[in-house]
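> Below is the sequence, then the predicted model.
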Amino acid sequence: MTESGPPLGIDAWLARVSDLLAAGAADPVGPAERAVLLDLARVAARRSERIAAPITTYLAGVAFAGLDPAERLARLRALLAALEA
């Protein structure tokens, strides 16, 4: 695997990933959802082995993928609160 050019910003990176996954959304993860996902990863990394962070966010993504954005954000927030308790 080779790297070319400077690292992409978060918006450009997520747009690229979305295109590669054929997700079809210009901004698949809004700022509020990003913040909750990062908090979820932080909690997972601190309360378990660090490698739990990406896997936890993946599992949440799989579980909540079919929801509309508002419901998905609410469910992510509820999951985060439960894991922080």
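Looks like it came in fine.

> And A35, how far from Y58?
Remark: distance between A35 and Y58 (Cβ to Cβ, to the nearest Å) = 18 Å. From N, CA and C alone the C-beta is placed, and that goes for glycine too.

> Compare those two and say which is more crowded by neighbours.
Between A35 and Y58, counted using other Cβ atoms under 10 Å, the more crowded position is A35 (15 against 10).

> now the helices for the protein?
For the chain, helices defined by DSSP state H occupy the ranges 10-20, 31-47, 52-64, 69-84.

> quick one: the first one to helix 31-47, angle?
Here helix 10-20 runs at an angle of 90 degrees relative to helix 31-47 (axes from the mean of the first three to the mean of the last three Cα atoms, to 10 degrees).

> Can you point out the buried residues in stretch 36-52?
For stretch 36-52, a neighbour-count test (16 or more other Cβ atoms under 10 Å) marks V36, L37, L40, A41, V43, A44, A52 as buried.

> residue contacts, the spatially closest residue to T56 that is not a sequence neighbour?
For T56, ignoring the flanking residues on the chain, the nearest one in space by Cβ to Cβ, 6 or more residues apart in numbering is A44 at 3.9 Å. The contact partners of A44, by Cβ atoms under 8 Å, 6 or more residues apart in numbering, come to A52, A53, I55, T56, T57, L83.

> R47 too?
L83.

> what about it, distance to A85?
For R47 relative to A85 (Cβ to Cβ), the value is 11 Å.

> per-residue confidence for A12?
Here the pLDDT value assigned to A12 is 88.
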